[in-house]
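Pasting the sequence and the predicted model now:
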Amino acid sequence: MGAGYVGLPLAQVFADAGNAVLLVESNPEKIASVERGESYIRDVESSDLKRLVEAGSIEITSDYDALKGAEAILIALQTPLSAQREPDLSIVLGAVEDIAPRLQKGQLVVLESTTYPGTTRERLLPVLERGGLKAGEDFYLAFSPERVDPGREDWTTKNTPKIVGGITPACTERAVELYRRAIDTVHPVSSPEAAELTKLLENIFRSVNIALVNELAQLCDRMRIDVWEVVGAAATKPFGFMSFQPGPGLGGHCMPIDPFYLTWKAREYDFYTEFIELAGKVNENMPWWCLGKIARALNGDEKALKGSKVQIVGVAYKADIDDTRESPALKLIELLQGEGADVTYHDEFVAELPEYGLSSTGLDPAGSD
């Protein structure tokens, strides 16, 4: 369920392993694209998708009744934050409401969407058992977090180890058996809660360490020390140090969002995740800090930010991909435009940013202030 950055690569991996895959998708443009064998995800080549579609290994539909014939239902839908920075499970829970009346005896349901510990047991299980079927006996329910890193070629959906935690041991066993058909390494854990927290820990670890080096970058700027030289020198230590790079903030679907799922859940236990919240504060402030740094640089050349030509090089959240979700470059563009700067951008992977009235232009350092 869901033919996006997670669902489509997962479909390819299962189909390549000899399984028949049905994608359930509500977006008519995505449905038409898959039916033509044209991929809109960089990690899935159109030639591979077309081959699998023509062979009948991958099909796509918007009809939820098709779920009745599935052996397993994998949910790969968005779990964004609300405007108040609280978990918004409406998309996933809406899908589960659609699954429940169609759930068949013996089916496996797996949630792959990142969420807070307890979601699978507390929110999905009661809805799916509403019709009288019991998890672990009549059907199987588990959580297995996606670990997609768009644009990466060394670690892919197939060879990245898969974490699996079921509601019961039988649920875990059933989910492990399914994923081992297509994925090289499957690592079972004791519960869906352990699997849910594993995913959050992975992204919180990166968020906190990136915040640390971003804070150091700000200090180095004041001290007139080259932060890149410092990070590079520290990285020569063969033990006890892991290199993280400073940048204009955090992007992608995971790191700017996932840590707040745990901070929200922790409040239920009268616990405050101060490291996580401080890291979020530092990383979210980076576009504003970059704006100030740009203004100071222009001021040093006796230029105002208003009317100056500023070119942003790269607007995706990381190099060599077309994914702009939560990209700090977009926030920086918004801030620069708000100050009256003449903003352009260059990114060969992102042709247009219609919400900002911009299209990618040629790389032009000489023509920029």
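Thanks, I have the structure now.

thought residue 170 was touching residue 139?
No - here residue 170 does not reach residue 139: they are 10.3 Å apart, not a contact under C-beta atoms under 8 Å. Using the backbone N, CA and C atoms, a C-beta is placed for each residue, glycine as well.

Tell me where the stretch 251-369 of the chain has strands.
Secondary structure of the stretch 251-369 of the chain (DSSP state E, counting those that start in this stretch): strands at 309-313, 342-346, 352-353, 358-359.

follow-up on the earlier one: of residue 170 and residue 139, who's got more company?
Using other C-beta atoms under 10 Å as the criterion, residue 170 and residue 139 rank with residue 139 on top: 22 against 13.

contacting residues for that one?
Contacts for residue 139 were tallied using C-beta atoms under 8 Å, 6 or more residues apart in numbering; they are 103-109, 128, 133.

how does it look with 6 Å?
Going by C-beta atoms under 6 Å, 6 or more residues apart in numbering, residue 139 touches 103, 107, 133.

Give the phi and psi angles for it, as a check.
phi -150, psi 170 (degrees, to the nearest 10).

Could you tell me how far stretch 213-228 lies from the centre of the chain?
The chain centre lies 28 Å from the centre of stretch 213-228; the measure is C-alpha atoms, centre = their mean, to the nearest Å.

How about residues contacting it?
With C-beta under 6 Å, 6+ apart as the contact definition, stretch 213-228 has outside contacts at 244, 246, 282, 286.

What is the neighbour count of the second one?
Other residues lying near residue 246 total 19 when counted by other C-beta under 10 Å.

Looking at the contacts of stretch 213-228, state which has the most neighbours.
Highest neighbour count within the contacts of stretch 213-228: residue 286, with 23 neighbours (other C-beta under 10 Å).

contact partners of stretch 298-314?
With contact meaning C-beta under 6 Å, 6+ apart, stretch 298-314 is reached by 295, 329, 336, 339-347, 368-369.

Got a PyMOL select line for the buried ones in the residues you listed?
With 16 or more other C-beta atoms under 10 Å as the criterion, this PyMOL line picks the buried residues out of the contacts of stretch 298-314:
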select buried, resi 295+329+336+339+341+343+344+345+346+347+368+369
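
ok, and the closest non-adjacent residue to residue 174?
residue 140 (4.2 Å; C-beta to C-beta, 6 or more residues apart in numbering).

hey, where'd the helices end up in this structure?
7-16, 28-36, 46-54, 90-99, 119, 125-128, 169-179, 192-223, 227-234, 258-266, 274-300, 328-338 (DSSP state H).

buried sites along the longest one?
Taking 16+ other C-beta under 10 Å as the neighbour-count basis, helix 192-223 is seen to contain the buried residues 192-193, 195-200, 202-204, 206-208, 210-218, 220-221.

so for it, what's the average pLDDT?
Mean per-residue pLDDT for helix 192-223: 96.

just how off-centre is it within its chain?
Between the centre of helix 192-223 and the centre of its chain there are 15 Å (C-alpha atoms, centre = their mean).

ok, back up a step: mean pLDDT for the helices of the chain: which is lowest?
helix 258-266 (a mean of 89).

got the angle between that one and helix 192-223?
Angle, helix 258-266 to helix 192-223, by axes from the mean of the first three to the mean of the last three C-alpha atoms, to 10 degrees: 120 degrees.

Start the count at 34 instead of 1 going forward.
Sure thing, new numbering starts at 34, so read that last one as helix 291-299.

Packing partners of helix 291-299?
helix 225-256, helix 307-333 (3 or more C-beta pairs under 6 Å, 6 or more residues apart in numbering; DSSP states H and E).

Take those and write them to TSV, including distance to residue 397.
Listed next are these as TSV, based on distance: least, C-beta to C-beta, whole Å:
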stretch	distance to residue 397
helix 225-256	26
helix 307-333	17
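
Residue 73 is nearest to which of these?
Among the helices and strands packed on helix 291-299, the nearest to residue 73 by C-beta to C-beta is helix 225-256 (24.5 Å).

Can you report how many residues lie near the residue nearest to residue 204 when sequence neighbours are not counted?
Closest residue in space to residue 204, ignoring its immediate chain neighbours: residue 173 at 4.4 Å, by C-beta to C-beta, 6+ apart. The number of residues packed near residue 173 is 24, by other C-beta under 10 Å.

Okay, and the beta partners of residue 173?
residue 141 (DSSP bridges).

which residues touch it?
Counting by C-beta under 6 Å, 6+ apart, residue 173 has contacts 141, 204, 207.

Buried subset of these as a PyMOL selection?
Here is the PyMOL command that selects only those of those that count as buried (16+ other C-beta under 10 Å):
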select buried, resi 141+204+207
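
Reformat the contacts of residue 173 as CSV; add distance to residue 283.
Shown next, in CSV, are those (distance: C-beta to C-beta, whole Å):
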residue, distance to residue 283
141, 34
204, 34
207, 36
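
pLDDT score for the residue lying closest to residue 79 once chain neighbours are set aside?
Of all residues not flanking residue 79 in the chain, residue 72 sits nearest, at 4.5 Å (C-beta to C-beta, 6+ apart). Reported pLDDT at residue 72 in the predicted model: 96.

Am I right that residue 178 is in contact with residue 233?
No - with contacts counted by C-beta atoms under 6 Å, residue 178 stays clear of residue 233, the gap being 8.6 Å.

picking up where we left off before, minimum distance to residue 390: which of the helices and strands packed on helix 291-299 has it?
Minimum separation from residue 390 across the helices and strands packed on helix 291-299 (C-beta to C-beta) falls at helix 307-333, 18.8 Å.
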